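Enquirer: from the sequence below, what's the structure:
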Amino acid sequence: MGMNPVPWTIHFPDSDLEDLRMRLERTRWPGDYGNDDWRYGVPESYLREFVDYWLTRYDWRVHETEMNSFSNFRVEIDEVSIHFIHERGVGPKPMPIVISHGFVPNHWDYRDVIRPLADPASYGGDPADAFDVVVPSIPGVGFSSPLRKVGVGNRCAPTSRCCACRPAWASIPRSVSTSRASLPRARRTSCTGACFRPAVISRRLKSRRYSSRTSAIAFGSCVEKGLGEP
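Expert: Here you go, the predicted model:
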């Protein structure tokens, strides 16, 4: 794979899904006395509902198909395998933008804003506002795992160089993060190309109360105004 990103299709074999189903069915519940208020951790009643959801209602293939409707890539940088979505902008001069998650969520949290940012005209916007959207899975999270070396999580440089400093994207003007300023700061200190001017946005943009268009406009506003630490 090397330094050149290659298209990647998300797929888990049926045997893996069947193995997960069997593990869930064979869960041995230990009992959970006196934990209705979560004082000892996650209550068994909550976990039972969660496991039932996975067994009877959650359909991985539906979500897998939706994930593959985006342009997924993988690249290996500094012995770290990085996954990212790259949706090219539909407009006269799309501006590249990297949208990164923190250590709790993952790249898929931004599925509702990727296309409105890349193709605003299809959502009632102006094509001149289009972005080339890059959404990486940060090292050690989601499809950018497992890690096989230490120290990657503290600097996140592989993601920066993978998604921004390649010759084709020599000057990405903005990086948006929901993890306060920790990840953008790591990129500023580790990225020799000085590509990023980070913007920090509120996690509430991911709330279902916000439409995709509203979230996209909010993202664009953050980028345009250069919100976040300088």
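Enquirer: tell me which stretches of this structure form helices.
Expert: Taking DSSP state H to define them, one finds helices in the chain at 14-25, 44-56, 60-67, 111-118, 152-155, 157-163, 182-190, 212-225.
Enquirer: next, the angle helix 60-67 makes with the first one.
Expert: Okay, so that is helix 14-25. With axes from the mean of the first three to the mean of the last three C-alpha atoms, to 10 degrees as the basis, helix 14-25 and helix 60-67 are set at 130 degrees to each other.
Enquirer: for helix 14-25, packing partners?
Expert: Judged by 3 or more C-beta pairs under 8 Å, 6 or more residues apart in numbering; DSSP states H and E, the packing partners of helix 14-25 are helix 44-56. For the C-beta atoms, the positions are set from N, CA and C on the backbone; glycine is no exception.
Enquirer: and the angle for the helix it packs on with helix 14-25?
Expert: Computed by the same axes, to 10 degrees, the angle separating helix 44-56 from helix 14-25 equals 150 degrees.
Enquirer: elements contacting helix 44-56?
Expert: Judged by 3+ C-beta pairs under 8 Å, 6+ apart, the packing partners of helix 44-56 are helix 14-25.
Enquirer: let me know the average pLDDT across the helix it packs on.
Expert: Averaging pLDDT along helix 14-25 yields 97.
Enquirer: need the CA coordinates for that helix. CSV is fine.
Expert: Taking C-alpha atoms only, helix 14-25 is exported to CSV below (Å, rounded to 0.1, in the frame of the first residue of the first chain):
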residue,chain,number,x,y,z
ASP,A,14,-20.4,-13.7,7.1
SER,A,15,-18.4,-15.9,9.4
ASP,A,16,-17.4,-12.9,11.5
LEU,A,17,-21.0,-11.7,11.8
GLU,A,18,-22.1,-15.2,12.8
ASP,A,19,-19.3,-15.4,15.4
LEU,A,20,-20.5,-12.2,16.9
ARG,A,21,-24.1,-13.3,16.9
MET,A,22,-23.1,-16.5,18.7
ARG,A,23,-21.1,-14.6,21.3
LEU,A,24,-24.0,-12.3,22.0
GLU,A,25,-26.4,-15.2,22.4
